[in-house]
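Provide a 3D model corresponding to the input given below.
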Amino acid sequence: MQGMATSKYFTDNKLKPFIISRSTFVGQGKYTSHWNGDNFSKWTYLNASVTGIFNMNLYGINFNGADICGFLGTTTPELCQVWTNLGAFYPFSRNHDDISNDGQEPYRFDTPIQDTMRHAIRWRYALIRYFYTQLYLNSVNGGMFWKPLFFEFP
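Purely as a prediction, here's the structure:
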C-alpha cells in the first residue's frame, strides 16, 4: 500500500518513480521494484536468489534482485566471484554488504578473481539496453524478465 501511494505521488507530480521495497505482494511490480532482503554470504543463499527472482517475476515484480556476495557475514573470493557472474544477469544488480564486514568490492580480491568479475560487469553493461527495453515492454504489456524455459518452449 505504501509503494502504491508513493508511486501515485510521483506520477501525480509528473515524476518517474523508482521505489525499491522489501515488502511487496502479487502485482506490486506495477508500482515498485523488490529487493530480496538481507541475505548471508553463503552458497545456499546464492542458490536461493535464483528461486527468489523467478518467484518475484511470477508475481509480476520484474525488477528485483538479491545482494550480490551476500549482505551478512564474510564472503569468500570464490563465492563472490561466482555470485558476481550470476548477478550480472539479475534484473536489479548490486553488491551490497553490512557496514561491519570487511568489504567485498571487486578491487579487494586477487587479480584473477577481479578479471572474471570485471568480465561479468562488462557483460551486464553490454546487455543493459536489452534489459531496459525488456523491462519497459514488460511494464507496458506485462510479462516476465526472467522466465523458466517452459514458458518459452511449452
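
okay, which residue is most central for the protein?
Against the mean C-alpha coordinate of the chain, by CA atoms, centre = their mean, the closest residue is Gly65 at 2.2 Å.

spell out the residue ranges of the helices in this protein.
Across the chain, reading from the start of the chain, the helices by DSSP state H fall at 2-12, 43-58, 77-87, 111-141, 149-152.

tabulate those helices (TSV), appending mean neighbour count, distance to Ser23 and mean pLDDT.
Glycine gets a C-beta too; all of them are placed from N, C-alpha and C. Formatted as TSV, the entries for those read as follows, by neighbours: other CB atoms under 10 Å; distance: least, CB to CB, whole Å; pLDDT from 0 to 100:
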stretch	mean neighbour count	distance to Ser23	mean pLDDT
helix 2-12	13	8	92
helix 43-58	17	12	94
helix 77-87	20	22	97
helix 111-141	13	21	95
helix 149-152	8	27	85
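
from Asp110, how far off is the residue nearest to the centre of the chain?
The gap separating Gly65 from Asp110 is 26 Å, by CB to CB, to the nearest Å.
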